[in-house]
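1. Sequence plus the predicted model coming up.
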Amino acid sequence: MDETISFVLNGKPASLRTDPLRRLLDILREDFALTGTKEGCGQGECGACAVLLDGQLVNSCLVPAIAVSGKQVLTIEGFRATPRYALLRACFEQAGAVQCGFCTPGMLMAAEALLRRNPAPTQDEIRTALSGNLCRCTGYAAILKAVETAAKEGMER
Amino acid sequence: MTGCCRPETLEDALSILSRQGAQVLAGGTDWMVKHGQQGPHGGPVLYIAELAELRQIAVHGGEIHIGAACTLTELLESPLVPDCLKQPLAQMASPAIRNIATIGGNLCNASPAADALPMLSAMDAMLSLRSHKAEERLPAEDFLLAPGKPRLAQGQLLVEIHVPLSPKWDCVYRKVGLRRANSLSKVSFCALSDKKAGYVQDVRIAFGAVAPRVVRSREAEKRILSSGHPLTDDQIQAIAAEYGKLLKPIDDARSSRAYRREVSLRLLKWYLREGMNA
Ligand SMILES: Cc1cc2nc3c(=O)[nH]c(=O)nc-3n(C[C@H](O)[C@H](O)[C@H](O)COP(=O)(O)OP(=O)(O)OC[C@H]3O[C@@H](n4cnc5c(N)ncnc54)[C@H](O)[C@@H]3O)c2cc1C
Ligand code: FES
Ligand code: FES
């Protein structure tokens, strides 16, 4: 049975009637046309669907609508409007950390979740923060490098 | 009740459960993988992840009481939670999953490979179960009846996990998985020791993922303590043989019976030879 679910999506109030057990991933892509959030595995293993829920990294393929009610959701489309996105984007470009780009929105959300809490992470902390995000193209060295550079440059600003 | 129900209080949740069966949904990291894409969901669902009563972490008389709906991240960030328990939690899944996965969900999902139960069993944790009418406390060690079958009666919720805060254990935790993140245990090994003046006063050993239930043996632990210090190679072999009888590993997609047995016993022997005395 459908219910009304209200939350804040990328800073704006949002509301819809839907099955409370529907995946946040499907709501974002199908009802709000926010297709930057990708479906890789649909089982919590790859991080392509990662978004921030009340500031915490989550895999939207595992989050039912009912768990979103009253909370804040930030997707890659909302994150794009921020200075840290611009910095991360530049660092990903410089490091050659993007090939097909399928994993990139999730990688960026994972990096943002880390840098929000810990602006000067160690290499190990970066590895842990990105450990739930799979990339089938680049190998991970370039991605780790990009986040490391973004952290350094962020601290210098 | 049809569809999905979001009670405001634990009392409401328990009374709904008592009136009609419902599937319990906490963080959903196991539940959504199982049911998430199927469309219409068989039977009503009771969402408990945000019940305030299930989200507390507090110390009561020498024990820490952990609400069943606390997320792994919340436990890892709490200064009250003993380090021994944080070790398995920190190695579970990935940050995104730890942010929503609950400790209660890990236990109630009742996988023999679930990572919280072996350490809780070794620490002599107790579980508090509640139904609308009654409350019950039982050892964490006895909670798994069989793979996928927790000892939960109709209408019961796991509400709290009670972990003794003393002694202050020295602990060793080893998880053997395919890779560091997002892999379930092939084997897990927990060993706790309490030392005074360099001598081991008490010891606890638990193995996960190598039998339908957590493997722990009071007799073997007594034997380790009464065998003198340091243990001789013969004593170590004999103790390993004793544990060897209790391990009932299986062949599955993650690992083989032989590998699981071999690794478990090697970890044990290493611990008895070196780890325990370090
Ligand atoms: C990619 C991935 C990696 C994972 N890695 C690991 C790992 O390394 N180690 C590991 O142990 N697990 C792992 N898991 C499994 C899972 O994340 C954990 O078991 C988690 O703790 C389950 O908690 P939850 O709140 O999400 O449970 P849910 O999915 O909400 O519930 C699980 C089951 O428990 C029942 N339940 C939940 N809470 C209660 C309660 N309070 N009372 C009664 N019944 C209840 C539900 O009805 C359901 O049957 C992984 C899962 C994924 C998707
Ligand atoms: S699609 Fe959600 S983790 Fe892979
Ligand atoms: S760039 Fe293709 S999956 Fe990462």
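-> Structure received. Ligands and ions are numbered 1, 2, ... in the order given.
2. For chain B, what's its nearest residue on chain A.
-> At 2.5 Å from chain B, residue A:132 is the closest residue in chain A, using CB to the nearest CB. All C-beta atoms are positioned from the backbone trio N, CA, C, and that covers glycine.
3. Find the nearest non-adjacent residue to that residue, please.
-> Excluding the flanking residues, the one nearest residue A:132 by CB to CB, 6 or more residues apart in numbering or on different chains is residue B:94, at 2.5 Å.
4. Show the model's pLDDT score for the one you found.
-> For residue B:94, the pLDDT comes out at 98.
5. I'd like to know how far it sits from residue A:150.
-> 20 Å (CB to CB, to the nearest Å).
6. Residues in contact with the lengthiest helix in chain A: which ones?
-> Longest helix in chain A by number of residues (criterion: DSSP state H): helix A:141-156. Defining contact as CB atoms under 8 Å, 6 or more residues apart in numbering or on different chains, one finds that helix A:141-156 is touched by A:84, A:87-88, A:91-92, A:94-97, A:107, A:111, A:114-115, A:119-121, A:123, A:126-127, A:129-130, A:135.
7. so where do the helices sit in the stretch 51-200 of chain B?
-> With DSSP state H, counting those that start in this stretch as the criterion, the stretch 51-200 of chain B has helices at B:72-77, B:83-90, B:95-98, B:103-108, B:116-122.
8. next one: chain A
-> A:24-26, A:76-79, A:83-95, A:104-117, A:123-129, A:141-156.
9. what's the angle from the fourth one to helix A:141-156?
-> Pointing back at helix A:104-117 there. Calculated by axes from the mean of the first three to the mean of the last three CA atoms, to 10 degrees, helix A:104-117 forms an angle of 40 degrees with helix A:141-156.
10. Next one: helix A:104-117, is it in contact with ligand 2?
-> No. Applying CB under 6 Å from any ligand atom, one finds helix A:104-117 separated from ligand 2 by no less than 7.7 Å.
11. wait, does that helix make contact with ligand 1?
-> No. For helix A:104-117, no contact with ligand 1 is found by CB under 6 Å from any ligand atom; the gap never falls below 13.4 Å.
12. Output the contacting helices and strands for that helix.
-> strand A:50-53, strand A:56-59, helix A:76-79, helix A:83-95, helix A:123-129, helix A:141-156, helix B:95-98 (3 or more CB pairs under 8 Å, 6 or more residues apart in numbering or on different chains; DSSP states H and E).
13. Could you list the buried residues of that helix?
-> A:104, A:105, A:106, A:107, A:108, A:109, A:110, A:111, A:112, A:113, A:114, A:115 (16 or more other CB atoms under 10 Å in any protein chain shown).
14. quick one on the thing from earlier: spit out the contact partners of the residue of chain A closest to chain B.
-> A:45-47, A:50, A:57, A:59, A:110, B:93-97, B:181-182 are the contacts of residue A:132 under CB under 8 Å, 6+ apart.
15. tell me which of those is nearest to residue B:18?
-> Nearest to residue B:18 among those is residue B:97, at 31.2 Å by CB to CB.
16. who's in contact with the nearest residue to the closest one once chain neighbours are set aside?
-> Nearest residue to residue B:97, sequence neighbours excluded (CB to CB, 6+ apart): residue B:29, at 5.3 Å. Residues in contact with residue B:29 (CB under 8 Å, 6+ apart) are A:44, A:62, B:93, B:97, B:100, B:101, B:105.
17. and the second one, how many neighbours does it have?
-> Here the number of neighbours of residue A:62 (other CB atoms under 10 Å in any protein chain shown) works out to 26.
18. Next: the fifth one.
-> A total of 26 residues lie near residue B:100 under the criterion other CB under 10 Å.
19. Could you pick out the residues of the stretch 1-150 of chain B near ligand 1 for me?
-> B:23-31, B:33, B:48, B:68, B:92-93, B:97, B:101-102, B:104-106, B:108-109, B:114-115.
20. and ligand 3, which of the contacts of helix A:141-156 contact it?
-> Checked against ligand 3 using CB under 6 Å from any ligand atom, the contacts of helix A:141-156 yield the following neighbours: residue A:135.
21. Buried ones among the contacts of helix A:141-156?
-> Using 16+ other CB under 10 Å, the buried ones in the contacts of helix A:141-156 are A:84, A:87-88, A:91-92, A:95, A:97, A:107, A:111, A:114-115, A:121, A:126, A:129-130, A:135.
22. List the contacts of the residue most central in space within chain A.
-> By CA atoms, centre = their mean, chain A has its centre lying nearest to residue A:109, at 2.9 Å. Taking CB under 8 Å, 6+ apart, we find residue A:109 in contact with A:50, A:51, A:52, A:57, A:74, A:75, A:76, A:79.
23. could you flag which of these are buried?
-> Counted by 16+ other CB under 10 Å, these give A:50, A:51, A:52, A:57, A:74, A:75, A:76, A:79 as buried.
24. circling back: reformat the contacts of residue A:132 into a markdown table and put distance to residue A:39 next to each item.
-> Output for those, formatted as a markdown table (distance: CB to CB, whole Å):
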| residue | distance to residue A:39 |
| --- | --- |
| A:45 | 12 |
| A:46 | 9 |
| A:47 | 11 |
| A:50 | 11 |
| A:57 | 17 |
| A:59 | 10 |
| A:110 | 16 |
| B:93 | 19 |
| B:94 | 17 |
| B:95 | 19 |
| B:96 | 14 |
| B:97 | 16 |
| B:181 | 19 |
| B:182 | 16 |
